[in-house]
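Q: show me the folded form of this:
(2 chains)
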Amino acid sequence: MFPIFLSVLLLISLFITLVPKSFYSKLFTKNPLFDSIIGAVAGSVSTGNPITSYIIGGELQKAGIGLIAVVSFILSWVTVGIIQLPAECYFLGKRFGIARNILSFLFAIMVSILLVLTLKVI
Amino acid sequence: MKKKRGGIIFLLVTLITYIILLFFNRGIALDALGYFSHIFVRVFYVLLIVFLFMFFINLFLKPKTVLKYLGKGSGMRGWIIAIISGIISMGSIYLWYPLLKELREKGMKKGLIATFLYNRAVKVPLLPIMIYYFGWLFALFLTIYMVIFSVFMGIIMDRIS
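A: Model prediction:
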């Protein structure tokens, strides 16, 4: 597991160095719904240990990405699995796999908005 | 063994990328390495705690242990155990699919399976790193929302699948 963390840290460092901060402000609009959808899409097509998503999410937030996008990214990273979908459908049924992933995607957006609103109120 | 090799290959490919970059754009490579050393020092001690937690959970929680408590007729206890075991379950999801299939064939509700899978997003051993990056309030409320939404997920999945 340790080589993977080293690789992730090295790659995220490279990504943050290469991508100018102005890129994030172009990609993320500060519209909660739109930003959470982008975050959820990015998380859905990624896979790996949740800790990797925390590190990537945390570092991207420090680089200027909004919390809503980061939360939906982290949530969909684990709960939505496009890459694992064939295996999930094989073991648990096609209907189950597809329905669960669609619901998880929608929930990632809802929870991210709710969580950020809650943290703002507190 | 295959997984370990995969990690080392991933690291080697990353290092080769850096070496190539050092030749073509030394400035960017050095900036990225500087950023890396900065993150690594910050995250290293938190990662040590995380690895320790993971080691002990892997030692004590095996998929077969869960099988005993999530079978047919588990009722309210089943929901609670699906939530808790989802949170504390470790390892690749591919290790859990065959067990979940076995549980399903033994009568576990699909809703409980969905609840279990949804709670895998919150990992107790990884909380130190989440708290480090986002704060304890974030970790607390995220966990609460995840648990609530995992029950919604279970109820909906029971009805539609």
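
Q: helix or strand with the lowest mean pLDDT in chain B?
A: helix B:63-67 (a mean of 61; mean pLDDT, DSSP states H and E).

Q: what residues sit buried inside whatever helix or strand comes next after it?
A: Going down the chain from helix B:63-67, the next helix or strand is helix B:75-88, by DSSP states H and E. Under the neighbour-count criterion of 16 or more other Cβ atoms under 10 Å in any protein chain shown, helix B:75-88 has B:78-79, B:81-88 buried. Where you see a C-beta, it was placed from the backbone N, CA and C, and this is true even at glycine.

Q: so is the next helix or strand after helix B:75-88 next to chain A?
A: Sequence-wise, the next helix or strand downstream of helix B:75-88 (DSSP H and E) is helix B:93-105. Yes. Against chain A, helix B:93-105 shows contacts by Cβ under 8 Å from any Cβ of the partner chain at B:93-94, B:97-98, B:100-101, B:104.

Q: would you point out the most distant pair within those?
A: Using Cβ to Cβ, the residues of helix B:93-105 next to chain A span at most 16.2 Å, a distance reached by B:Tyr94 and B:Arg104.

Q: more neighbours: which of the two?
A: Neighbours were counted for B:Tyr94 and for B:Arg104 using other Cβ atoms under 10 Å in any protein chain shown; B:Arg104 has more, 17 against 11.

Q: report pLDDT for the more buried one.
A: We have a pLDDT of 80 for B:Arg104.

Q: please report the distance of A:Met110 from chain B.
A: 7 Å (Cβ to the nearest Cβ, to the nearest Å).

Q: what angle sits between the host helix or strand of A:Ser76 and helix B:93-105?
A: Following DSSP H and E, one finds A:Ser76 within helix A:67-79. Going by axes from the mean of the first three to the mean of the last three Cα atoms, to 10 degrees, helix A:67-79 is angled at 60 degrees with respect to helix B:93-105.

Q: hmm, helix A:67-79 touching chain B?
A: Yes. Using Cβ under 8 Å from any Cβ, a contact is recorded between helix A:67-79 and chain B, made by A:67, A:71, A:74-75, A:77-79.

Q: elements contacting the longest helix along chain A?
A: Identified as the longest helix of chain A according to DSSP state H is helix A:94-121. Helix A:94-121 sits against helix A:32-44, helix A:67-79, helix A:85-92, helix B:110-119, helix B:136-160, with contacts defined as 3 or more Cβ pairs under 8 Å, 6 or more residues apart in numbering or on different chains; DSSP states H and E.
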